[in-house]
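S.K.: sequence first, then the predicted structure, then my questions.
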Amino acid sequence: MTLENNRSSLVYPDSIEIETSSKSSIMNFLKKIKKNKGALIGSMILLFFILTSALAPVIAPYPVNEMNFEDSLQGPSTEHWLGTDEFGRDIWTRMLYGGRVSLLMGLFAVTLSGTIGVTLGVIAGYYRRLDIYIMQFNDILMTFPSLLMAIAIVAVLGVGLTNAMIAVAISVVPSFVRVVRGSVLSIRETEYVEASRAIGVKNWKIIIKHILPNVASPIIILATLEFGSSILSAASLSFLGLGEQPPNPEWGALVYVGKSFLSQAWWMTLFPGLAIMLVVLGFNLLGDGLRDALDPRSK
Amino acid sequence: MNQPLLSVKDLKTYFPTKKIFFNKERQVIKAVDGINFQVNKGETLGIVGESGCGKSTMGRSILRLIEPTEGSIKFEGKEVTTLNQKDLRKLRSNMQIVFQDPFASLNPKMTVGSILGEALATHQLGQSSKERKEKVKELLGKVGLSPIHIERYPHEFSGGQRQRIGIARAIAVNPALIIADEPVSALDVSVQAQILNLFQDLKETLGLTYIFIAHDLSVVKHVSDRIGVMYLGKIVELSDKKQLFQNPLHPYTQALISAVPTLDPDAKKDRIILSGDVPSPSSPPSGCAFHTRCMYRKNVCENVKPREITVSPGRLVNCHMYDEDYFVEFL
């Protein structure tokens, strides 16, 4: 035994090994992210939008909600980079401020629905006794189109941005539950979970150490997808007057307002739409990258 | 005589199948259907049988990874089947399992160090993480791996090495009994021998007791002291290894042993070839479960369930041919 130890410590001194051990996993992770071009591009896109939204009051060239009818419906120019809307407000400014609402909306909806959905999905998949109750309730929720359900929830909670966020989040929960439950079902039957049970590891530890890391990749992918669709649902709610209230901007609302001026002012829909698309793309790229970086099998 | 380490009495594990519409009766698959045996400290009990005969289910039922339906399992005189979750968790350190597929039995997202560390931490072996790390290194040495492997992930190892990690995890908690569930059947033949030798070495150095499940008679012959032959959820013959190979009693055992290949190409062999497949455990044949394929079949076999007959001390067989009430029929 000691012989074994000595031999290896000659080649790999223990001190070095111990020092690198805790760092190495994080370093490895960052290295993998760096290598993954998609993830890099994705995070850069997101960083751009997050920074510009956060700094909106600083970098915005015009006041957000002040109307200026002389400049109404002007195309992109050096004065108004992305043009103006029907009230003469600068689209670029409105997009900067709108990004704050939209990004927050997406992030909040995904975080809330992800937390609830993953918890319920894990419970349903791991503790099979509760499975039927959770899934039947889930199936009932799934029969409603998510926008319709969001509208219903807003109707109950009252109009407002926070309530719209909650409504969007709840309408997304069922898809999380379903995906997570399915993955958990397959992981809980694996031999390594059985081995942990044979060792006597407690259930919650098995869930945290064995189940969750192995269902992470479908969760990440779903989260990135749902982020995009949450922004869109939030936009629809705003359009219906149930979310962010005019005159405050929001990307989805900008697109919907611009839709009626599509033949005269294409810039009103194009740029906010592009922003939504880019953010969703950024999240998807980052999500893919994260999934690969979290998998020890990929180099 | 001293107490056996493990004694299993009338163990039954049934799985209900899905209810069919308009069919009131639930079908039941009798995976393990009344098994009795004892394992003494320090010995290796081999269990052989065809695939689907309930070997693995039996192993897992003993550990209560699958809840047995009926019967009693006594470990060091303590009843296992009635333990609550908390006491069962404590008992876990005494009985461990090594799985068949080394590619499925290790979490792909955990390093070897954390896989083994988890076992140690669960049973409070080693106070600090540093101390546990030392123990993990020691364990790796015991199973013939190097301490530098501690930071690696399972996919970086070969099948044989992975199985060594699986064995290290099992011995990490200082068990008295290890159930090896076909631990070598997924490995190359050359690696099989190494792993079998590792099992032997560990048995001597750590004083382990094994229940060694396999479908390969030559593997079981190599490692076991006693062998139980399983067929459709029952042990049809339980005997000393030597006696079993020299003088198999049960017709099924006879057929199995006649099928073991020999190195001598000229050796004359009377191979007994069984016809047909193993019947489904959801509707096992009446009477003796083996009667559909038995070459000595008589009327009693179809109607009466055979009893467990003690032919000589430590030698059990489940066949009417050795039952004094019925042997007349076979004359």
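M.R.: Great, that's in hand.
S.K.: longest helix in the chain, please.
M.R.: All of this is about chain A. Counting residues, the longest helix found in chain A (DSSP state H) is helix A:91-126.
S.K.: meant chain B actually
M.R.: When chain B is parsed with DSSP H, its longest helix is helix B:189-206.
S.K.: from the stretch 51-200 of chain A, which residue is nearest to chain B?
M.R.: Nearest residue of the stretch 51-200 of chain A to chain B, counting by C-beta to the nearest C-beta: A:Gly200, 3.3 Å away. Quick note: C-beta positions are derived from backbone N, CA and C, even for glycine.
S.K.: show me which positions of stretch A:253-265 end up buried.
M.R.: Residues of stretch A:253-265 classed as buried: A:253-258, A:261, A:265 (neighbour count, 16 or more other C-beta atoms under 10 Å in any protein chain shown).
S.K.: name the nearest of those residues relative to A:Asp139.
M.R.: When the buried residues of stretch A:253-265 are ranked by distance to A:Asp139 (C-beta to C-beta), A:Tyr256 comes first, at 31.5 Å.
S.K.: if we can go back for a sec, what does the helix or strand that the longest helix of chain A is followed by contact?
M.R.: Scanning forward in sequence from helix A:91-126 by DSSP states H and E, the next helix or strand is helix A:128-143. Contacts of helix A:128-143 with the rest of the structure, by C-beta atoms under 8 Å, 6 or more residues apart in numbering or on different chains, involve A:120, A:123-125, A:149, A:173-175, A:177-178, A:181.
S.K.: sec struct for the residue most central in space within chain A, please.
M.R.: The centre of chain A sits closest to A:Phe227, judged by C-alpha atoms, centre = their mean, with a distance of 3.8 Å. Classification of A:Phe227 by DSSP: H, G, I helix; E, B strand; the rest coil places it in helix.
S.K.: ditto for B:Leu45
M.R.: B:Leu45 ends up strand, using three-state DSSP.
S.K.: where's B:Arg132 relative to B:Val112, distance?
M.R.: Here the criterion is C-beta to C-beta, to the nearest Å. By it, B:Arg132 lies 13 Å from B:Val112.
S.K.: neighbour count winner among these two?
M.R.: Taking neighbours as other C-beta atoms under 10 Å in any protein chain shown, B:Arg132 and B:Val112 compare with B:Val112 leading, 26 against 22.
S.K.: that one touches B:His149, doesn't it?
M.R.: Yes - in terms of C-beta atoms under 8 Å, B:Val112 counts as a neighbour of B:His149; the distance is 5.5 Å.
S.K.: can you pull the residues that touch both of these two?
M.R.: Residues touching both B:Val112 and B:His149 (C-beta under 8 Å, 6+ apart): B:Leu140.
S.K.: so what's the residue count around A:Glu79?
M.R.: A:Glu79, neighbours per other C-beta under 10 Å, totals 12.
S.K.: cool, the one 5 residues further on as well?
M.R.: Taking other C-beta under 10 Å as the criterion, the count of residues near A:Thr84 is 27.
S.K.: please apply the same query to A:Pro247.
M.R.: A:Pro247 is flanked by 13 other residues according to other C-beta under 10 Å.
S.K.: wasn't it part of a strand?
M.R.: No - counting by three-state DSSP, one finds A:Pro247 to be coil, located in no strand.
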